[in-house]
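> Show me the folded form of this:
(one chain, ligands or ions: 1)
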Amino acid sequence: ISVSQLEEARRALDAPLFADVAGDAAVSFEFFPPKTAKMEEALWEAMKTLEPLAPRFVSVTYGAGGSTRERTHATVARIQRETSMAAAAHLTCVEASKAEIDQVAEEYWAAGIRHIVALRGDPPVAGTKFAAHPDGYENAAALVAGLKKLHPFEISVAAYPECHPDSADAKADIDNLKRKLDAGANRAITQFFFSPEAYFRFRDRAAAAGITADIVPGILPVSNVAQTRKFAAMCGADIPDWMDRLFEGLDDHPAARQLVAATVAAEMCRRLYAGGVRGFHFYTLNRAELSFAICHLLGIRAQGQAREAAA
Ligand code: FAD
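Model (predicted):
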């Protein structure tokens, strides 16, 4: 980074609130497949709210051990059929042979799905070491290579600014990311984090290792610290103490909690934007409002409204 870039970043950080954002960021939204009819209704409400923001894609997660195989497929296929958004399907290597995984991928291709988020997945029993299926893909890099052999899918892979717990060290983690990109992945999406500096350091290390693909930050707007702590323990993300302090005493104040959650996530996005980030992936947890508000602060407007304003 040059001195002038540093000065530019400093100026952007010092700019009043969100005055400097130009609405030029691309966003994507992640959902999980609903378990009940009620959850399904809530998911589609969220989709309807977020669709006018014209996301680059929306993705649907794949439950541990393929437990949501049918529900993930049904949700992704419905997005593709009934909305204007491009759908991406998450796919993991856990407890499945190559033939079974290839079959799932073929079904996606046949349904018009062209984008896969390719992951190794976590072992079915938390805390145990991942063991590949004897006839399966051994990790995400092998899965990417396998998918590319089937069809020219667009592929996103996972990245870990605070290091994946299975990695020997930060260098091994970057080497692994490079293997996934060299195998044909188009971009990386990060695990959630709450330190923009951790993201920037990771981006610098990746660049130094010759990685040129986009590393899109995964943004988790937190309104429930206890639940986030549970997720974070599994994936090695750090929840800073200040986060607990911010939500202290808000258990019975859901509206205030939402405002605090939006403030924290928006401030982080503003810092990332100031550091040159122009792509954001939101872990929506199937709720639209927080992600919608943060996109709004980033200058992103519903398509119809943007056209009206320009007219
Ligand atoms: P990999 O990239 O294969 O590697 C994981 C770790 O193992 C790395 O630290 C790497 O260094 C090490 N490793 C891999 N291969 C080797 C090797 N040959 N030698 C030495 N070390 C190696 N999980 C789900 O179950 N369903 C989902 O839908 C889902 N979506 C996700 C979306 C995003 C954006 C992210 C960031 C994560 C998601 N996960 C999901 C979680 C993910 O499956 C876990 O974090 C899992 O533990 C690792 O998956 P990976 O694809 O990063 O694995």
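> where does the stretch 151-300 of the chain come near the ligand, residue by residue?
Within the stretch 151-300 of the chain, the positions adjacent to the ligand are 158, 164, 166-167, 172-173, 176, 180, 189, 191, 218, 235 by Cβ under 6 Å from any ligand atom. Heads up, the C-betas are built off the backbone N, CA and C, glycines and all.
> Okay, residue 149 and the ligand: tell me how far apart.
Taking Cβ to the nearest ligand atom, to the nearest Å as the measure, residue 149 and the ligand are separated by 17 Å.
> what about that residue, neighbour count?
Here the number of neighbours of residue 149 (other Cβ atoms under 10 Å) works out to 9.
> I'd guess it is in a helix, am I close?
Yes. Assessed by DSSP: H, G, I helix; E, B strand; the rest coil, residue 149 belongs to a helix.
> quick one, what contacts it?
Contact criterion Cβ atoms under 8 Å, 6 or more residues apart in numbering gives no residues in contact with residue 149.
> closest to residue 299 among the residues of the stretch 151-300 of the chain next to the ligand?
Closest to residue 299 out of these is residue 218 (20.1 Å), distances taken as Cβ to Cβ.
> Is that closest one in a helix, a strand, or coil?
Assignment for residue 218 (three-state DSSP): strand.
> in what helix or strand does the closest residue to residue 289 other than its chain neighbours lie?
Of all residues not flanking residue 289 in the chain, residue 258 sits nearest, at 7.0 Å (Cβ to Cβ, 6 or more residues apart in numbering). Assigned by DSSP states H and E, residue 258 belongs to helix 254-274.
> quick one, what contacts residue 264?
194, 221-222, 243, 246.
> Give me the buried subset of the residues of the stretch 151-300 of the chain next to the ligand.
Buried residues within those, defined by neighbour count using 16 or more other Cβ atoms under 10 Å: 158, 164, 166-167, 173, 176, 180, 189, 191, 218.
> quick revisit: verify the contact between the residue nearest to residue 289 and residue 290 for me.
Yes. Counting by Cβ atoms under 8 Å, residue 258 does reach residue 290; the two are 6.7 Å apart.
> So which of the two has more stuff around it?
Using other Cβ under 10 Å as the criterion, residue 258 and residue 290 rank with residue 290 on top: 23 against 17.
> Tell me who's in contact with residue 282.
Counting by Cβ under 8 Å, 6+ apart, residue 282 makes contact with 27-30, 218-219, 221, 291, 294-295.
> How about the secondary structure of residue 118?
strand.
> From the ligand, how far out is it?
As judged by Cβ to the nearest ligand atom, residue 118 and the ligand stand 7 Å apart.
> how many other residues sit next to that residue?
Residue 118 is flanked by 30 other residues according to other Cβ under 10 Å.
> next one: the helix or strand hosting residue 197 to chain centre, how far?
Using DSSP H and E, residue 197 sits in helix 196-208. Here helix 196-208 shows a centroid-to-chain-centroid distance of 17 Å under the convention Cα atoms, centre = their mean, to the nearest Å.
> now stretch 228-247
When C-alpha coordinates are averaged (Cα atoms, centre = their mean), stretch 228-247 and its chain have centres 17 Å apart.
> end to end, how far does that stretch reach?
Chord length of stretch 228-247, first to last residue, is 12 Å (Cα to Cα, to the nearest Å).
> what comes up buried for that stretch?
228, 232, 236-237, 239, 243, 246-247.
> Tell me where the protein has strands.
In the chain, the strands defined using DSSP state E lie at 26-31, 57-60, 87-92, 115-119, 154-159, 187-192, 215-219, 279-283.
> Go through the last one and flag the buried ones.
Neighbour counts using 16+ other Cβ under 10 Å place 279-283 of strand 279-283 among the buried residues.
> That one: partners in the sheet, and parallel or antiparallel?
If you go by DSSP bridges, strand 279-283 pairs up with strand 26-31 (parallel), strand 215-219 (parallel).
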